[in-house]
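**Q** Generate coordinates for the sequence data below:
(chains A and B)
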Amino acid sequence: MTSRGKFFDFALPALAVLGFFLVWEAVVAWFKLPRYVLPAPTTVWASLVKWRSEIWFHATQTLYTTLVGFGVAVGFGLGLGWLIGYSALVYKALYPVLIGFNSIPKVAIVPVLVIWFGIGTVPAVLTSFLISFFPIVVNVATGLATLEPELQDVLRSLGAGRLQMFRKVGLPRTLPYFFASMKVAVTLAFVGSVISETVASNRGVGYLMIAASSRFDVPLVFAGLLVIAALGVLLYAVFAVLEGRLTSWAYRR
Amino acid sequence: MTGDGREWAGEFRDVSLRYHCRGKATLALEGVNLRVRRGEFVAIVGPSGCGKTTLLKLISGLLIPTAGEVVVGGRPVRGPLKAVGMAFQNPTLLPWRTTLGNVLLPLEIVEPHRSRYRKDRAEYRKSALRLLGSVGLDGFSDRHPWQLSGGMQQRASLCRALIHEPEILLLDEPFGALDAFTREELWLVLQDLWLARRCTVVLVTHDLREAIFLADTVYVMSRRPGRLASRAEVPFLRPRTLDVCFTPEFQELFIAIRREIGDVREVEKIGGQR
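**A** Okay, the predicted model is just below:
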């Protein structure tokens, strides 16, 4: 890509974010909104700086539970997606169960997890896992199930076994689907962690926000929101870069 | 029937194939008998849907006959064979591999190359590049399939079918999707490849000119259920040039075989009205 293209890759999103904050600041100033309703970005920033060590402490906890939950989701999602994608029988048997399970709001499961595991890290990890594995399963299964029969014929006519078919065709063909699902799943994993922390934890950005809101420290609540958003963008970017490296063929670059 | 497998590269003994689709049984092939000499270039022509592709899949072992027997290299076929190379109407190149990577694919799968592949990688690369060069693809080995034209993709697909030096090359309308000029160019490419290797070739096509130009023997296949209706030998000397298509002998043969295909249809129509 040209340097001009690279410049726009970074400059355009940065400009959009800047514009968003400017409009926000202007709205707050124009309508003279009190800080306990909607704090201006500058107020939020001040709060962010003031509480930085506390925020860091809670943010690392949230990042930790998210990544562990997400990691488990990737492993589980790959395995189950593989089964469902390759076996029509497993697909028929499990799909309704999966859809049903995914339809349950995960916030409703947190109390159950608390009864089983107590409050803290474990329910956060589990919620993050439960909310993020579904898109991975569906995408991996779709990638494998939509393999072109012609490509399979090419390999079969060479006498390739099942494992070789998977390594030479199934896996590379599924990678674009897999990465697309990773980008969705990693942001969902954050949602899971934060949901669990707001309900049942004394650590994490979710807990920090609940605690702050009970003290009417609205700027700190917003600071928490910004931190979560920033972490989400960061992890999304990591997977976007990996995707670009490993599956550039799918985008014909 | 002597059962002698040396002279014949492949043999169909009274082969029928019935397959089930949405609960309905369809007879795709019925009572097919065919013998292909070692090193012979056979073309099978017929209207689309007459079971030509099925025939190829039976030779390669992708399908197993419902009745009768397919014998390749003296042994009945019971599963996918390793000694065949296949090229399809779609080039079916793997989009995540470069042209060179696609051509090398069979060597990563077929023994004995597979176990040697890591050690002799450079050697294999060299022979793949040489093969690509021989079909006019020098300088394109690092391109991805979508960066090649349809004709170039098909050339690469031919290379992939030949890289592991199969005894039998199966071609399923490999030039069907190409324009007339590119197609004729690739006839010559294929003829050169075949003259250099003299492997057995079974070419399935609906282009009668293509069949006559390339093959030693042309078989006409009837509409479903597919049967081999007639056989014609092509006498022209090799290497053939495109000019041969304009000779009276070529035209005569063309018309004769064309009439056979017409007859096959007539007979079926009468049969259908009964």
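**Q** what's around B:Phe245, how many residues?
**A** Slight slip there: residue B:245 is Cys, not Phe. 17 (other C-beta atoms under 10 Å in any protein chain shown). The way it works is simple: take the backbone N, C-alpha and C, and place the C-beta from them, glycine included.
**Q** per-residue pLDDT, it?
**A** Looking at B:Cys245, its pLDDT stands at 89.
**Q** for B:Leu190, same thing?
**A** For B:Leu190, pLDDT reads 91.
**Q** Going along the chain, name the helices of the chain.
**A** No chain in the question, so chain A it is. Secondary structure of chain A by DSSP state H: the helices cover A:3-31, A:41-50, A:52-86, A:88-103, A:110-117, A:121-145, A:149-156, A:162-165, A:171-199, A:205-214, A:218-246.
**Q** not quite, I wanted chain B
**A** B:52-60, B:99-109, B:113-116, B:121-134, B:150-162, B:180-197, B:208-214, B:248-273.
**Q** what about A:Phe222, distance to A:Ala16?
**A** 19 Å (C-beta to C-beta, to the nearest Å).
**Q** These two: which is more packed in?
**A** A:Phe222 (23 against 9).
**Q** Contacts only, for that one.
**A** By C-beta atoms under 8 Å, 6 or more residues apart in numbering or on different chains, the residues touching A:Phe222 are A:Pro39, A:Val44, A:Ser47.
**Q** Would you mind checking which helix or strand in chain B has the lowest mean pLDDT?
**A** Lowest by mean pLDDT, DSSP states H and E among the helices and strands of chain B is helix B:248-273, with a mean of 76.
**Q** what's residue 231 in contact with, if anything?
**A** Picking chain A for this. A:Ala59, A:Thr62, A:Leu63, A:Thr66, A:Phe190.
**Q** think we crossed wires, I meant chain B
**A** Counted by C-beta under 8 Å, 6+ apart, B:Arg231 has contacts B:Thr217, B:Val218, B:Tyr219, B:Val220.
**Q** Model confidence for it, exactly?
**A** Taking B:Arg231 on its own, its pLDDT is 89.
**Q** got it, and A:Leu234?
**A** 91.
**Q** so how far is A:Leu225 from it?
**A** On the measure of C-beta to C-beta, A:Leu234 and A:Leu225 end up 15 Å apart.
**Q** what residue ranges in the chain are flagged as low confidence?
**A** In the absence of a named chain, chain A is used. A:1-5, A:253 (pLDDT under 70).
**Q** that's the other chain; I wanted chain B
**A** B:1-6, B:264-274.
**Q** for the residue nearest the centre of it, what are its contacts?
**A** Centroid-nearest residue in chain B, with C-alpha atoms, centre = their mean: B:Leu171, separated by 2.1 Å. Contact partners of B:Leu171, counting by C-beta under 8 Å, 6+ apart, are B:Met86, B:Ala87, B:Ala161, B:Leu190, B:Val201, B:Val202, B:Leu203, B:Val204, B:Thr205.
**Q** Quick one: buried ones out of those residues?
**A** B:Met86, B:Ala87, B:Ala161, B:Leu190, B:Val201, B:Val202, B:Leu203, B:Val204, B:Thr205 (16 or more other C-beta atoms under 10 Å in any protein chain shown).
**Q** now for those residues, which pair is the farthest apart?
**A** B:Ala161 and B:Thr205 (15.4 Å; C-beta to C-beta).
**Q** Kindly report the residues of chain B close to chain A.
**A** B:60-62, B:80-82, B:84, B:86, B:88, B:90, B:92, B:94-96, B:105-106, B:108-110, B:144, B:146, B:160, B:164, B:170 (C-beta under 8 Å from any C-beta of the partner chain).
**Q** thought B:Pro225 was touching B:Leu27?
**A** Yes - contact criterion C-beta atoms under 8 Å: B:Pro225 and B:Leu27 qualify, at 4.0 Å.
**Q** Tally up the residues packed near the residue of the stretch 101-250 of chain B found nearest chain A, please.
**A** Residue of the stretch 101-250 of chain B nearest chain A, by C-beta to the nearest C-beta: B:Ile109 (4.7 Å). Neighbourhood size, B:Ile109 [other C-beta under 10 Å]: 21.
**Q** Would you pull up how far stretch B:132-146 lies from the middle of the chain?
**A** 22 Å (C-alpha atoms, centre = their mean, to the nearest Å).
**Q** measure it end to end?
**A** 17 Å (C-alpha to C-alpha, to the nearest Å).
**Q** Now do the same contact list for the nearest residue to A:Leu113 once chain neighbours are set aside.
**A** Leaving aside its chain neighbours, A:Leu113 sits nearest to A:Pro123 (3.9 Å; criterion: C-beta to C-beta, 6 or more residues apart in numbering or on different chains). By C-beta under 8 Å, 6+ apart, A:Pro123 lies in contact with A:Val110, A:Leu113, A:Val114, A:Phe117, A:Ser196, A:Ala200, A:Ser201.
**Q** ok, so of the residues you listed, who is nearest B:Glu210?
**A** A:Ser196 (66.8 Å).
**Q** Can you name the residues that contact that closest one?
**A** A:Thr65, A:Val110, A:Leu113, A:Pro123, A:Ala124, A:Leu126, A:Thr127, A:Ser128, A:Gly206.
**Q** again, 7 Å this time
**A** Contacts of A:Ser196 were listed using C-beta atoms under 7 Å, 6 or more residues apart in numbering or on different chains, and they are A:Val110, A:Pro123, A:Ala124, A:Thr127, A:Gly206.
**Q** Done for today, thanks.
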